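Visitor: Got a predicted model here, sequence first, then my questions.
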Amino acid sequence: MLMSISDEEFGLLRSLIYQRFGINLTDQKRSLLVGRLQKILRQSGHASFKSYYEALLEDKTEQALSLLVDRISTNHTYFFREKSHFEFFSDTVLPQLATALEQRGSRDIRIWCAGCSSGEEAYMLLMLLREFFGNRYCQWDGGILATDISSRVLDIARRGIYPRDRVKMLPESLLRKYFRSLSDGQYEVVPELRQEATFRRFNLMNDVFPFKKPFHVIFCRNVMIYFDDPTRKALVQKFHRHTAEGGYFFLGHSETLGRGQNLFRYLAPAVYHKQ
């Protein structure tokens, strides 16, 4: 039986979630919020959502807030999801970037997975980087920065162990080369690939992004679907500031920057180029 939530309690939690994480919970999400949080309330001994809200405000460690966003955000993903993006990355982005960087005497390629969830996207990009450069990969300063607001999914990403259904879309050649089959039927990312990914907890609602250098490629797929229009516009402006000239910006296939913006040029479905 679902716990009840008053209009005031829902308004307080919705406002807090919006302010801290940019996630816009509409009235239609009310029952979802209750369903996903009631177990937390019962385990922590809160008799009401008001009591839980007050505890969130008092928690200086923000661990309770981290658990909250874990519960209300959806983190379903798998390797090779929206594979046309990865094909575009391999066939178009990497050849153009490699040529442009080498012409400038640089071999520093910077890629950011913003909202990386449990790590599949970051490891997918690393595999494609290694496949593209081959024996020359060691001559490049590559690697991936992968960030998410959820500590739980970041722990999964760092372990790099996935069930069969998460890897089933991968080409067999990549599965054999970059994974180790475990006795329980799961698959583990090989250490030499895992060490190339840097996973960090990061809130995209932060006013300042602490990156010293811009990124040549930013993937932020299926993240902004949670945000309202003003939040999306502000975030896209921050991404633009941290994208190198000529860099690439990937959204999820269900997302778009719209026709009115002039920061990025449309290249392909949910793929943009910095003007």
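Guide: Everything's here; your move.
Visitor: From now on I want contacts and neighbour counts done on CA atoms only, so please keep to that.
Guide: Fine.
Visitor: pLDDT score for residue 108?
Guide: Reading off the confidence values, residue 108 has pLDDT 94.
Visitor: List the buried residues in the helix or strand of the chain with the lowest mean pLDDT.
Guide: Scoring the helices and strands of the chain by mean pLDDT, DSSP states H and E places helix 63-72 at the bottom, with a mean of 82. Judged by neighbour count (16 or more other CA atoms under 10 Å), helix 63-72 contains these buried residues: 64-66, 68-72.
Visitor: show me where the stretch 1-150 of the chain has helices.
Guide: With helices called from DSSP state H, counting those that start in this stretch, the stretch 1-150 of the chain shows them at 7-21, 30-44, 49-58, 63-72, 83-88, 94-103, 120-133.
Visitor: For the fourth one, which outside residues touch it?
Guide: Residues outside helix 63-72 that contact it (CA atoms under 8 Å, 6 or more residues apart in numbering) are 17, 21, 32-33, 36-37, 56, 149-152.
Visitor: Just put the residues you listed in JSON lines and tack on pLDDT.
Guide: As requested, the contacts of helix 63-72 are exported to JSON lines (pLDDT from 0 to 100):
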{"residue": "17", "pLDDT": "89"}
{"residue": "21", "pLDDT": "86"}
{"residue": "32", "pLDDT": "83"}
{"residue": "33", "pLDDT": "88"}
{"residue": "36", "pLDDT": "85"}
{"residue": "37", "pLDDT": "89"}
{"residue": "56", "pLDDT": "91"}
{"residue": "149", "pLDDT": "87"}
{"residue": "150", "pLDDT": "86"}
{"residue": "151", "pLDDT": "86"}
{"residue": "152", "pLDDT": "86"}
